[in-house]
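> I need the structure of the sequence given here:
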Amino acid sequence: MESIQETMNEWLNNDDFMNILYMILKVLIVGLVISTILKVSLSALYDKYNQELIDQGMDMDEFCTKSYPPNKSKIAIAHWFRLGTRKANTETPIPLECFPSTHIEGLYVAAAAGKSGKDKKDLVKLESLLPRRTSSGSIDKRHKPTVVVATIRMGFGHHRLAYSTCSWSLAQNYTTIFHDLISIESEEANLINSVDALYSKFSRLATELGGPVEHVWGLMMKQGDADALRMAALFANHLQPLLKAYPKDIPLVCTHQICSLVASAAGFTNVINLVVDNYPQWFLVVPKTLNCVQGPVNYQSFLRMGVPSSNMNLTGHWCPHDMVINIPIDCQRRIDNINTEQDPQPIRIVIPVGGAGAQKTFITGLIEIWKPLLEESKIQIFLNAGDHDHMKSAFRQCLKNNDIDHVEVNDMDGVNEFSKTLLENPKTTPLQPVTLFAFEEYFPAVATTDILCRCSDVLVCKPSEMAFYPIPKLHIRRVGDHEADSARRACELGDGTMEARTVQDAYHVMTLICQTKENDLLKSMNEAILKHHHAMHNTYGGCQRAVELAVSGGSIVE
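As a prediction, the model looks like this:
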């Protein structure tokens, strides 16, 4: 003890030691003061940002409840780095014009006035498409309603949901406007573009590099907490001009939560928010809207998180009209091919590429390992490379290197003819074991998969929005950990497999699917689809009910 005391005395009597000690204390005190000032300043900055939303009638802290208080510093820093001192335009709308879709009969597409690139004779005034009014100013429901379907192209998924919704609206002969926020040429659309570019880039890197990069990206896709929702709402507040040209009470179905947040901030009163995936995250739900979910896990989870029941609806899966109404015919055709004793057709597999252009290595690996199944005529592959040049090149090279014959289809006329031929005569055999679908335009890249699903036996895809489709599915490696729950949903319904994380695992599962005489895996999936289709609450009719809710005004949230 004496030696310790002597040592302490020596230190305390050492001027150099004491100077260093004083310096450290000064740094700690200054650091503490700066930290306190910074925390107070960021808190005030968050309150300023949040007040802008409250002024628009959207109190995110109230919606997220006291159980999920904001990390004010994190949100303020993130928003400042994204938008800096930019002031949101909450008053002036971007004027719109519309034109008939060149791909879908009866559908109108919205564009910024004067920037659609169309001839005047092809343009339609927005006012002529809007619903008629009664003398009191409300929508006259005696006339054909107008439905606006708002979306954002971030990958193919949100657009796929939008086209599915449009298909049900058009089937009811409603005036239907397709409104992609990112296509409304403007400063606000450019803000979204920058986010989309980062999302696509990191999706491709995660799937190609795998390992730690994929792990980190997967975790990021599950970080949609209440703070992420608050950040998204602050961002959406700057996008109001993209929607403000429409009347506030128009039936509005949104297939991206950013669209719903924009509508909520802008004061729209009849908004349907189609919630994606089967993994509940605050980031996906929106105040002042009716949040429609595809399954009971999301529904119950959001209620437990504190989302009011008046803001929730268990609606069903987001699937296109043509696919749903033909479920009995298509499933029976697949079952008949399984049961036939004479000349059974190969299992027809459709493999689409996502909008981010990811999974190149995984899919080329599948083609290589499935070569024996192709040579034995156990399977045929319909490979949709979409509009991604790097995917087209990779698939062509893979097929060439493995001496696999293929033909190509490059336009929608070819796609429709291909599908029509196989549907009208299921015994028809494509010219080659692999048919490669590759396009220069975006729309065929999205639509082709939906069209091919009807004439295919199995959909091979990551567990994205297509995990909810009424076709037997082999789920391959996900892009983002949030997608795992979508594969689990399909497996529990019986219409899809659990996720095959490796090429070898996918080969094993496909072998089981092809063994139609030894097991009933493929047959049972079709029977499950038929069961859920004929159920009282048709599992696959979510888009139909979403349109009905919007048109009836049942989505209005006070």
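
> alpha carbons only for contacts and neighbour counts from here, please
Noted.

> low-confidence ranges in the stretch 451-558 of the chain?
For the stretch 451-558 of the chain, the stretches with pLDDT under 70 are 554-558.

> and the strands in it?
Assigned by DSSP state E, counting those that start in this stretch, the strands in the stretch 451-558 of the chain fall at 458-461, 473-475.

> what's the most buried one of those strands?
strand 473-475 (a mean of 28; mean count of other CA atoms under 10 Å).

> what about that strand, distance to the chain center?
18 Å (CA atoms, centre = their mean, to the nearest Å).

> list the contacts for residue 232?
Applying CA atoms under 8 Å, 6 or more residues apart in numbering, we find residue 232 in contact with 258, 261, 283.

> now the first one. Nearest residue, chain neighbours left out?
In space, not counting the residues next to it along the chain, residue 258 is nearest to residue 236; the distance is 6.1 Å by CA to CA, 6 or more residues apart in numbering.

> the one you found should be in a strand, yeah?
No: using DSSP: H, G, I helix; E, B strand; the rest coil, the assignment for residue 236 is helix, not a strand.

> distance check, it against residue 53.
10 Å (CA to CA, to the nearest Å).

> which residues are in contact with each of these two?
residue 265.

> isn't residue 395 right up against residue 362?
No: using CA atoms under 8 Å, residue 395 makes no contact with residue 362, being 11.2 Å away.

> out of these two, which sits in the more crowded spot?
residue 395 (21 against 16; other CA atoms under 10 Å).

> that's a strand at the more buried one, yeah?
No: Residue 395 is assigned helix when assessed by three-state DSSP, not a strand.

> so what's it closest to, chain neighbours aside?
In space, residue 395 is closest to residue 364, 6.5 Å off (CA to CA, 6+ apart).

> residue 468: how many residues sit nearby?
So residue 468, with other CA under 10 Å, has 26 neighbours.

> got a list of what it touches?
Listed by CA under 8 Å, 6+ apart, the contact partners of residue 468 are 317-319, 486, 490, 540.

> then residue 522?
472, 513-514, 516.

> go with 10 Å
Applying CA atoms under 10 Å, 6 or more residues apart in numbering to residue 522 gives the contacts 334-335, 338, 347, 457-458, 472-473, 494-496, 510, 512-516.

> same question, residue 225
64, 68, 280-284.

> and residue 331, by the same measure?
Contacts of residue 331 (CA under 10 Å, 6+ apart): 454, 457, 470-472, 523, 525-530.

> hmm, try it at 7 Å
The contact partners of residue 331, by CA atoms under 7 Å, 6 or more residues apart in numbering, come to residue 526.

> Three-state assignment for it, please.
helix.

> and it, how far from residue 377?
For residue 331 relative to residue 377 (CA to CA), the value is 21 Å.

> do residue 193 as well
Counting by CA to CA - residue 193 and residue 377 are separated by 44 Å.

> can you check residue 151 too?
The value you get for residue 151 to residue 377, if CA to CA is used, is 41 Å.

> which one (most neighbours) among the contacts of residue 232?
residue 261 (31 neighbours).

> could you tell me the per-residue confidence at that one?
You'll see residue 261 listed with a pLDDT of 97.

> i'd like the first residue to be 417 from this point on
Let's use 417 as the start, then, which means that last one is residue 677.

> quick one: it from residue 687, how far?
Residue 677 is 10 Å from residue 687, by CA to CA.

> and residue 605, by the same measure?
21 Å.

> compare neighbour counts for these two and give me the winner.
Using other CA under 10 Å, the more surrounded residue of residue 605 and residue 687 is residue 687, with 32 against 18.

> quick check: bridge partners of the more buried one?
Beta-bridge partners recorded for residue 687 (DSSP bridges): residue 668.

> surely it and residue 669 touch.
Yes: contact criterion CA atoms under 7 Å: residue 687 and residue 669 qualify, at 5.9 Å.

> with the contacts of residue 641 in mind, which one is nearest to residue 546?
The shortest gap between residue 546 and any of those belongs to residue 700, at 28.5 Å (CA to CA).
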